[in-house]
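[1] sequence first, predicted coordinates after that:
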Amino acid sequence: MPHVTEDPRPDEAPLLDELMPWSVAPLRLGRSWVVAPDVRTLRARWDRLVGTEGEERETLFRPSRARTSWSSVAALPGQTTGTGRFARESGRCPAPVRIAHGPFDEQWLIPDHRLIDTARPELWRVADGDQLFAVEQGYVPGTGSTSGSGTAGPALLVTAALPDGRSPAGRPGRIRPLFRRPGGLEPNLAPGLLPLLSERYGHEVTAHDLLAWAVAAARPSPAGCRVPLPENPAVWLSGVELGRRLTGIQLRGARGGDRPRLPGGRRPYVRAAVPARPTTLAYDPGEETLDLDGGRISPVPAEAWEFHVGGVRVLEQWFAHRTAPAEPGSLEAIGPAAWPQEWTSELLELITVLALLAQREPERAALDAGPRLTRGTLREAGVLPVPDRARRPASVLDHQEEGPEGQFALL
């Protein structure tokens with residue numbers, strides 16, 4: 001008989017890695033100029049680059065060990081960008097795509113594989129209108145599991161945009177698609193998990209239910225996200241409902257949902273216009289005012305200002321991504337001449353999102369109590385250990401993908 005290794009921690013809550021076993025490491029862009037908060041900036045950077053030749057182009061390109069302007073690279077799945085050597089590129093900028101560039105910060109990316117060190121093509125193959133991505137946040141020692149000053153913040157975020165997995169604390173987690181195939185097919189869940197939970201809770205449990213519960217209940221640990229599963233069906237239902245609300249807030253209207261809104265008297269407004277080039281961000285708790293070098297936004301709830309992810313204040317990180325100085329003459333230095341109006345609109349929505357999430361924090365914290373289904377329970381039911389095939393990408397290639405220099409890849 002084969003030797004069965006006894007689980008040394010059967011009484012612990014299962015890891016997200018055991019419930020959603022297929023995961024992908026964060027993207028490694030290799031050069032920061034391929035991402036920007038606005039499309040116009042990316043097109044201006046592209047035009048500047050392709051308007052040069054030889055050594056100047058290579059210098060602006062910022063070559064790495066993985067990519068130079070002479071690298072031979074296949075196209076990204078679903079994209080129609082060129083596959084000839086970038087050193088010979090003279091065409092127009094490909095249409096930028098929206099990505100989740102770290103927690104709560106949606107930006108734009110030039111989806112050209114020749115510009116990205118490690119783009120994770122397996123993610124691009126399953127990114128469609130039915131997909132959601134769970135982004136596990138890296139564990140930060142010495143911080144709690146809830147949002148607020150001095151704490152880590154949520155352990156798990158969800159996005160409809162393809163995420164790069166960037167971590168503000170420099171400790172990236174894993175990216176876990178909800179589905180292994182396009183079209184919302186084949187949930188990325190441990191085989192047998194949904195039937196087990198459906199039997200335990202007395203009703204059908206779906207992949208979206210499990211994701212909603214994980215968004216509400218996931219807790220950080222040195223081993224990764226832990227997701228306590230309750231024994232009580234009523235607790236499960238309340239947690240799933242909370243998770244759906246949290247997910248809807250994070251998606252900001254994507255997948256047919258409503259855009260987040262605070263009650264009338266609490267909605268943030270611009271009280272004084274943001275100057276052309278703000279360099280500092282400050283918060284006045286007494287006035288509940290966010291100050292951008294004289295530009296004033298209020299009311300901004302203290303919970304929104306204090307909202308952290310990965311131990312980093314989200315609003316400060318968002319502002320730094322748009323105002324940090326860049327090396328003169330570099331592509332990163334190309335940006336808007338003045339603060340765009342759409343950035344102000346995005347900031348107002350971000351404040352709303354963080355305030356709404358913070359309001360739900362007491363409910364999220366309360367899910368940590370009560371009897372649980374443990375790793376031992378899942379092992380006894382045959383759900384654990386997860387088979388190796390569930391940790392590998394599904395074969396989703398039903399069309400040819402263009403390889404380097406315009407040749408079709410062998411699939």
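    That came through, no problem.

[2] which strand residues sit across from the residue most central in space within the chain in the sheet?
    With distances taken as Cα atoms, centre = their mean, residue 163 lies nearest the centre of the chain, 4.1 Å away. Beta bridges link residue 163 to residue 100, judged by DSSP bridges.

[3] quick one: residues contacting it.
    Counting by Cβ atoms under 8 Å, 6 or more residues apart in numbering, residue 163 makes contact with 26, 99-100, 133, 135, 175. Quick note: C-beta positions are derived from backbone N, CA and C, even for glycine.

[4] the helices in the stretch 151-300 of the chain, which residues?
    193-201, 207-217, 233-251 (DSSP state H, counting those that start in this stretch).

[5] out of these, indicate the one that is most buried.
    helix 207-217 (a mean of 23; mean count of other Cβ atoms under 10 Å).

[6] quick one, what contacts the closest residue to residue 112 other than its chain neighbours?
    Spatial nearest neighbour of residue 112, excluding adjacent residues (Cβ to Cβ, 6 or more residues apart in numbering): residue 81 at 4.4 Å. By Cβ under 8 Å, 6+ apart, the contact list for residue 81 reads 75, 94, 111-114.

[7] hmm, back to that, mean pLDDT added to the helices of the stretch 151-300 of the chain, as a markdown table?
    Putting the helices of the stretch 151-300 of the chain into a markdown table (pLDDT from 0 to 100) gives the following:
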| stretch | mean pLDDT |
| --- | --- |
| helix 193-201 | 98 |
| helix 207-217 | 98 |
| helix 233-251 | 97 |
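
[8] residue 233 is in contact with residue 202, correct?
    Yes - between residue 202 and residue 233 there is a contact at 5.7 Å, judged by Cβ atoms under 8 Å.

[9] average pLDDT for the strand or helix carrying residue 135?
    Using DSSP states H and E, residue 135 sits in strand 133-136. Mean per-residue pLDDT for strand 133-136: 97.

[10] so what are the sheet partners of it and their directions?
    Counting by DSSP bridges, strand 133-136 is paired with strand 156-159 (antiparallel), strand 175-177 (antiparallel).

[11] which among those is found nearest to residue 289?
    Nearest to residue 289, of all the strands paired with strand 133-136, is strand 156-159, at 27.2 Å by Cβ to Cβ.

[12] what average pLDDT does that closest one get?
    Rounded mean pLDDT across strand 156-159 is 97.

[13] swap in stretch 369-388?
    What stretch 369-388 shows for mean pLDDT is 94.

[14] report how far apart the opening and closing residues of that stretch are.
    Terminal residues of stretch 369-388 are spaced 32 Å apart (Cα to Cα, to the nearest Å).

[15] on that earlier part again, let's have the strands paired with strand 133-136 in JSON lines, adding distance to residue 315 and mean neighbour count.
    Output for the strands paired with strand 133-136, formatted as JSON lines (distance: least, Cβ to Cβ, whole Å; neighbours: other Cβ atoms under 10 Å):
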{"stretch": "strand 156-159", "distance to residue 315": "16", "mean neighbour count": "24"}
{"stretch": "strand 175-177", "distance to residue 315": "24", "mean neighbour count": "25"}
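
[16] redo those as a markdown table? Include distance to residue 183.
    Formatted as a markdown table, those follow (distance: least, Cβ to Cβ, whole Å):
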| stretch | distance to residue 183 |
| --- | --- |
| strand 156-159 | 19 |
| strand 175-177 | 12 |
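
[17] still on that earlier bit, closest to residue 154 among the contacts of residue 81?
    For those, the nearest to residue 154 is residue 111 (27.6 Å; Cβ to Cβ).

[18] distance check, that closest one against residue 78.
    8 Å (Cβ to Cβ, to the nearest Å).

[19] what do you get for residue 59?
    On the measure of Cβ to Cβ, residue 59 and residue 78 end up 31 Å apart.

[20] what does residue 327 give?
    Taking Cβ to Cβ as the measure, residue 327 and residue 78 are separated by 33 Å.

[21] now do residue 196
    From residue 196 to residue 78 the distance is 34 Å (Cβ to Cβ).

[22] how about residue 208?
    In terms of Cβ to Cβ, residue 208 sits 23 Å off from residue 78.

[23] cool, and residue 166?
    21 Å.

[24] with neighbour numbers in mind, choose between these two.
    Taking other Cβ atoms under 10 Å, residue 166 and residue 78 do not tie; residue 166 has more neighbours (21 against 17).

[25] so what's the residue count around the closest residue to that one other than its chain neighbours?
    Sequence neighbours aside, residue 102 is the residue nearest to residue 166 in space, at 3.8 Å (criterion: Cβ to Cβ, 6+ apart). Neighbourhood size, residue 102 [other Cβ under 10 Å]: 25.
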